[in-house]
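Participant: Sequence first, then the predicted structure:
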Amino acid sequence: MKILCIDDDAAMLRILTAELRRDGHEVLSCPLAASALQAALRGEFDVALCDLTLPDIHGLELIRALKMVAPQLPIIALSALDPEPWAEAAKEAGASFFLYKPDGLDALRAELALVEQARALLHVIVADTDRMHAARLAQAFMGSGCHVSIAHSALMVTASLDLPRLPHVLIVDGHLPGAADLVAAAKGRGVTTFVLVPRGENDEPWLRAGASLVVTRPVDADALLAQARFLGASCAAR
């Protein structure tokens with residue numbers, strides 16, 4: 001992968017760069033937020049590693065700026081700061097993951113493997129009658145490197161299911177007109193399907209129709225992403 005690595009600690013930056021290159025990645029190292037933003041504007045990266053304590057711009061502000069420049073760029077926030085409350089703050093800013101620096105290189109490699117798996121395998125369609133909710137789900141999945149399409153009608157989903165290259169995951173609102181037919185069609189084509197329903201709704205009809213998972217609103221996007229990685233990757237591997 002092509003990695004943008006941002007850390008003002010010269011020793012840490014040297015170690016990260018050397019280890020990641022040894023793992024076969026292409027790495028561009030930046031000690032300052034300003035140079036990282038310029039690099040993001042000049043070219044595409046597969047993932048960014050961003051320290052939170054930078055001398056010119058706070059790491060959270062840099063994460064927000066990077067997501068404006070490259071909305072689909074997965075960002076891993078790195079920090080020796082207490083994960084509470086910084087992990088939540090980093091995710092709110094747009095980071096896909098928060099890595100506590102003392103956890104070390106093995107933890108970082110594990111996070112990078114998840115990003116690479118999502119990039120390589122997951123094409124996701126979100127079909128939700130609540131457009132703001134659809135946008136939030138799409139942002140969470142794009143933030144981890146997935147390719148995401150938003151469909152505003154059953155017709156748009158049907159067209160995607162008729163393409164030679166099928167999506168790996170379909171997330172569909174149970175109240176979308178024609179949703180039951182979409183779930184059945186997706187099952188017939190081997191597409192992992194998540195159905196969104198309000199709290200208290202019976203999930204048995206959806207499971208019988210072929211849904212892989214019935215998800216109660218409000219949706220935990222991170223948990224849904226973890227399920228999509230597992231189920232979608234399993235289907236893609238078959």
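Facilitator: Sure, I can see it.
Participant: element containing the residue sitting nearest the centre point of the chain?
Facilitator: Nearest to the geometric centre of the chain sits Ser144, at 2.2 Å (Cα atoms, centre = their mean). Applying DSSP states H and E as the criterion places Ser144 outside every helix and strand.
Participant: Identify all contacting residues around stretch 99-108.
Facilitator: Outside stretch 99-108, the residues within contact range by Cβ atoms under 8 Å, 6 or more residues apart in numbering are 12, 16, 19, 49, 76-80, 83, 111. Where you see a C-beta, it was placed from the backbone N, CA and C, and this is true even at glycine.
Participant: go with 6 Å
Facilitator: Contact partners of stretch 99-108, identified using Cβ atoms under 6 Å, 6 or more residues apart in numbering, comprise 19, 76, 78, 80, 83, 111.
Participant: Would you mind measuring from the nearest residue to the first one once chain neighbours are set aside to Leu224?
Facilitator: Spelled out, it's Glu19. Nearest residue to Glu19, sequence neighbours excluded (Cβ to Cβ, 6 or more residues apart in numbering): Leu105, at 5.6 Å. Taking Cβ to Cβ, to the nearest Å as the measure, Leu105 falls 29 Å from Leu224.
Participant: Pick out whichever of these two has more residues nearby.
Facilitator: Neighbour count, other Cβ atoms under 10 Å: between Leu105 and Leu224, Leu224 has more, with 20 against 12.
Participant: Can you pull the phi and psi angles for the more buried one?
Facilitator: phi -70, psi -40 (degrees, to the nearest 10).
Participant: can you check Glu26 too?
Facilitator: Phi and psi for Glu26, reported as degrees, to the nearest 10, are phi -90, psi 130.
Participant: Let me know the pLDDT of it.
Facilitator: As predicted, Glu26 sits at a pLDDT of 94.
Participant: Kindly report the same for the one 4 residues further on.
Facilitator: Cys30 carries a pLDDT score of 94 in this model.
Participant: which one is it nearest to, not counting chain neighbours?
Facilitator: Per Cβ to Cβ, 6+ apart, closest to Cys30 is Ala36, 4.1 Å.
Participant: I'd like the distance from the residue nearest to Gly143 when sequence neighbours are not counted to Arg229, if you could.
Facilitator: Closest residue to Gly143 apart from its sequence neighbours, by Cβ to Cβ, 6+ apart: Ser96 at 4.5 Å. Distance of Ser96 to Arg229, given as Cβ to Cβ: 12 Å.
Participant: Which one's more surrounded, those two?
Facilitator: When Ser96 and Arg229 are compared for neighbours, Ser96 comes out ahead with 26 against 20, by other Cβ under 10 Å.
Participant: Quick check: phi and psi on the more buried one?
Facilitator: Dihedral angles (degrees, to the nearest 10) for Ser96: phi -80, psi -30.
Participant: check contacts around it.
Facilitator: 74-75, 143-144.
Participant: Recalculate using a threshold of 10 Å.
Facilitator: Residues in contact with Ser96 (Cβ atoms under 10 Å, 6 or more residues apart in numbering) are 47-48, 63, 73-77, 90, 111, 114-115, 118, 140-145, 222, 225.
Participant: Tell me where the model's unsure across this protein.
Facilitator: 117-121, 230, 232-238 (pLDDT under 70).
Participant: what are the ranges of the helices in it?
Facilitator: In the chain, the segments counted as helices under DSSP state H are 10-22, 33-42, 59-69, 83-93, 105-121, 131-142, 154-161, 179-188, 204-209, 221-237.
Participant: I'd like the ones you listed written out as a markdown table, with distance to Val197 added.
Facilitator: Below are the helices of the chain laid out as a markdown table (distance: least, Cβ to Cβ, whole Å):
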| stretch | distance to Val197 |
| --- | --- |
| helix 10-22 | 42 |
| helix 33-42 | 39 |
| helix 59-69 | 30 |
| helix 83-93 | 25 |
| helix 105-121 | 25 |
| helix 131-142 | 13 |
| helix 154-161 | 17 |
| helix 179-188 | 10 |
| helix 204-209 | 7 |
| helix 221-237 | 13 |
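Participant: Great, nothing more from me.
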